[in-house]
Each structure stands twice: as structure tokens, then as C-alpha cells.
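**Q** the following comprises the amino acid sequence and a computationally predicted model.
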Amino acid sequence: MVKLRLKADIGARVRSFFVMVRYFFLMAGLFVLGGAFAGAAAAQDKTIILVRHAEKGIDTEQNGDPPLSEAGSERAKRFAKRIAGLRPGAFYASEYKRTKETIDPIARKRGKAVETYDTRGLRDLVNNVMASKIKRIVIAGHSNTIPMIANELINKKLFRDMDESEFAVIWIIRIRDGQFKSAKLLPY
């Protein structure tokens, strides 16, 4: 009887060991598979179009959130025409009217909504953009955020804040296989 009990204990331990081994390999497989999916997201080809908001109007409500001026609205239309051939599939703007109004003409033309991002979370924005399956994305920001976003995308501190009077530049950042490929600045 003691021998029988000993065999039963050993059998239970062996079965428990094999259950643990299977669990380990299952978890290791999921970890590797998850890493492959994460790598696939990071290795995507992307074109990210960055633009500072167009000229702002007068803040009649005194709330620090003025709309675009007439000149700004005209610039937003030129922006839409200039990048239409790139066929962007997603649009992000800071929480201010002027950034949304700058990219709204092209977003409407493409039948897309403008999503809002928090200017205090630029790294999160870049991570979301890079993880997205969408290949062509427009981001509207400010004289101090657009260069920061560009630097995050290329993983270098290359660009400085823009001058307050500078509105006429489109930044096109190309990512290939998850790596920075090129940056182009276009007038509009």
C-alpha cells in the first residue's frame, strides 16, 4: 500500500510538472507572437504630415482659443489642395480651434473626423500614430509642438521651435520599415 501511494504521488508530480511545462511553452509562444505583432506595427511604412495651424484671428471670447482669421481660412484651403494627392487617412489636432480649422477642409474632403490630442502627451500621440495601421496621417499643432513631434518621429533633436510668424510650411516625415527615412519641408 505504501508503494502504491508513493507511485500515485510520483505520478501526480510528473503530471503537474508536464502541465507546468506546457503552460510555460504556451506563455512563451504568446510572448513571442505578441512581440512579432508589436514589431510588425513598429515596422510599418508611414507618411506623417505635420502642419502648424494657420493664421489665427481675434480672440473675441477672451478665452485663449481664437479661430482662424480670414487669411488662415484661405491657408487651410491651400493646405487641403497641397496634400490631397497624399490621401491621408487620419487627422489629429490639438484641442484648439485653430488647429482643427486648419486641417478640417482636407479631413472633410476625405470623409474623416479630426481627432483631438493632448499637447502634454506628444510621446503618446507619436506612439499611437506609429502603432496605427493607417499609413498616411496629418497632425496639426503649434510653433512649439510640431518640431517636437518631428523630433520624436525621427528620434533625433534636429528641429527647433518655429518663429511665431511662420505658418507656410508643411513637414512630410516618411518612415520605412519602422525607421526614419526622410523629412521634407514644403511651402504652401
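**A** Happy to help now that I have it.
**Q** how about whatever helix or strand G72 lives in: buried residues?
**A** For G72, the host element (DSSP states H and E) is helix 70-83. Residues G72, S73, R75, A76, F79, A80, R82, I83 are the ones in helix 70-83 that count as buried (16 or more other C-beta atoms under 10 Å). C-betas here are computed from N, CA, C, even on glycine.
**Q** since we're on the residue nearest to P66 when sequence neighbours are not counted, how many residues are nearby?
**A** Of all residues not flanking P66 in the chain, D59 sits nearest, at 4.0 Å (C-beta to C-beta, 6 or more residues apart in numbering). A count of nearby residues for D59, using other C-beta atoms under 10 Å, gives 12.
**Q** isn't D59 up against L68?
**A** No: with contact defined as C-beta atoms under 8 Å, D59 does not reach L68; the gap is 11.8 Å.
**Q** setting the sequence-adjacent residues aside, check what's closest to the residue nearest to the spatial centre of the chain.
**A** By C-alpha atoms, centre = their mean, the chain has its centre lying nearest to V129, at 1.7 Å. Spatial nearest neighbour of V129, excluding adjacent residues (C-beta to C-beta, 6+ apart): I137 at 5.5 Å.
**Q** and the one you found, what does it touch?
**A** K46, T47, I48, I49, P88, G89, A90, F91, Y92, V129 (C-beta atoms under 8 Å, 6 or more residues apart in numbering).
**Q** mind checking the SS state of G85?
**A** helix (DSSP: H, G, I helix; E, B strand; the rest coil).
**Q** give me the neighbour count for it.
**A** Using other C-beta under 10 Å, G85 is surrounded by 6 other residues.
**Q** so how far is K156 from it?
**A** With distances taken as C-beta to C-beta, to the nearest Å, G85 is found 28 Å from K156.
**Q** quick one: low-confidence parts of the protein?
**A** 1-43 (pLDDT under 70).
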